[in-house]
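Undergrad: Provide a 3D model corresponding to the input given below.
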Amino acid sequence: MNEEDFLTEEQKQEIERWEGVYTSLNTINECLVAVGNRLEAIEKFVSELPTPDKVFYKPKGYDDYLNMKQNYDELYGRIIKLEERIDGLQN
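TA: You can find the predicted model right below:
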């Protein structure tokens with residue numbers, strides 16, 4: 001004889017229900033662990049991405065590298081000069 005021989009049908013059904021809950025909770029836990037691991041990998045990847053202040057470019061004719069802001073300032077300065085020349089030619 002084993003333990004189940006002493007249980008009523010109602011008790012056996014209750015045990016089955018709790019075993020289902022146990023299985024469901026374990027499955028949810030495994031999913032959460034997987035999501036946590038994926039999130040950790042994404043955070044590591046994002047933290048290693050270069051920020052704009054770490055992106056450098058050396059334009060033709062320059063001795064030094066410029067960061068992204070300096071490059072944008074240079075580009076917009078050139079655009080403004082070109083627009084002024086075009087406006088001067090049209091007038």
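Undergrad: mind listing what residue 65 touches?
TA: 56, 57, 58 (C-beta atoms under 8 Å, 6 or more residues apart in numbering). For glycine as for every other residue, the C-beta is placed from the backbone atoms N, C-alpha and C.
Undergrad: mind listing which of these are in strands?
TA: Judged by DSSP state E, strands contain the following of those: 56, 57.
Undergrad: The protein - how does it break down into domains?
TA: 1-49, 50-91 (automatic domain parsing).
Undergrad: Reformat those as CSV; add mean pLDDT.
TA: As requested, these are exported to CSV (pLDDT from 0 to 100):
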stretch, mean pLDDT
domain 1-49, 91
domain 50-91, 91
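Undergrad: Residue 81 versus residue 60, what's the distance?
TA: Per C-beta to C-beta, to the nearest Å, residue 60 is found 16 Å from residue 81.
Undergrad: Looking at those two, which is more packed in?
TA: Neighbours per residue (other C-beta atoms under 10 Å) separate residue 60 from residue 81, with residue 81 holding more: 10 against 4.
Undergrad: Tell me which helix or strand that one sits in.
TA: Residue 81 is part of helix 68-90, with elements assigned from DSSP states H and E.
Undergrad: Tell me which residues are up against that helix.
TA: Outside helix 68-90, the residues that reach it (C-beta under 8 Å, 6+ apart) are 52, 53, 55, 57, 59, 66.
Undergrad: residues of that helix that come out buried?
TA: Using 16 or more other C-beta atoms under 10 Å as the test for burial, helix 68-90 gives residue 71.
Undergrad: where does residue 50 land in three-state SS?
TA: coil (DSSP: H, G, I helix; E, B strand; the rest coil).
Undergrad: what's the answer for the one 10 residues further on, then?
TA: Reducing the assignment at residue 60 to three states with three-state DSSP gives coil.
Undergrad: Can you read off the backbone torsions of it?
TA: Backbone torsions of residue 60, given as degrees, to the nearest 10, read phi -60, psi 130.
Undergrad: Against residue 74, how distant is it?
TA: The separation that residue 60 has from residue 74, given C-beta to C-beta, amounts to 11 Å.
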